[in-house]
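Colleague: Sequence first, predicted model second:
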Amino acid sequence: MVRADIHEQEGGFSLILAIAATALISAAVLLAGNHLQSRYDAHKTELRDVKLIASSDAAMAETLAKIAADRNFEGIKQRNFDDAVIESSVTWQVDGGFVIVAKSIRNSWTATIEADGHLTPKGPQVDHWERSTRPAH
């Protein structure tokens, strides 16, 4: 009878130890999963930004090339570009300078480049530019 009591106590201790080990393993798996999810989310954000920036850069480059060939160019009409939509507008200044706004829209996000510059005998020169990325409205 004494031996049965000792085995029951050992069995109870083993059960508590197994539950504790399972809880620790579950917590470790949860922490690892959260870490992987945050890295995946960061990767998706970076990929989105890279694609947006690349397509807005393409809109700006095309606009600058058109300005070099046509000093009356007013901008790119909205059109598809890869998996984004791009457009640009050119506002000509009285002094011969220009302001370009080039946009890319992809998956409810917008990347915009605003640049101002002037024409030189070799073509357009950008004096200042700013880029922004934000959710599309």
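Modeller: Great, that's in hand.

Colleague: Asp116: what's its closest spatial neighbour, skipping adjacent residues?
Modeller: Nearest residue to Asp116, sequence neighbours excluded (CB to CB, 6 or more residues apart in numbering): Val99, at 4.8 Å. Any C-beta I mention is one placed from the backbone N, CA and C, and that applies to glycine too.

Colleague: Kindly report the same for Arg134.
Modeller: Distance criterion CB to CB, 6+ apart; nearest residue to Arg134, sequence neighbours excluded, is Thr110 at 6.0 Å.

Colleague: Who are the contact partners of Met60?
Modeller: Neighbouring residues of Met60 by CB atoms under 8 Å, 6 or more residues apart in numbering: 88, 100, 102, 113, 115, 129.

Colleague: Now the third one: which helix or strand?
Modeller: Assigned by DSSP states H and E, Ala102 falls within strand 97-106.

Colleague: Likewise for the fifth one?
Modeller: According to DSSP H and E, Ala115 maps onto strand 109-120.

Colleague: Which other helices and strands does that strand contact?
Modeller: helix 2-69, strand 97-106, strand 123-135 (3 or more CB pairs under 8 Å, 6 or more residues apart in numbering; DSSP states H and E).

Colleague: Quick check: which of these is buried the most?
Modeller: strand 97-106 (a mean of 21; mean count of other CB atoms under 10 Å).

Colleague: got the angle between that one and strand 109-120?
Modeller: Compare the direction of strand 97-106 with that of strand 109-120 by axes from the mean of the first three to the mean of the last three CA atoms, to 10 degrees and you get 160 degrees.
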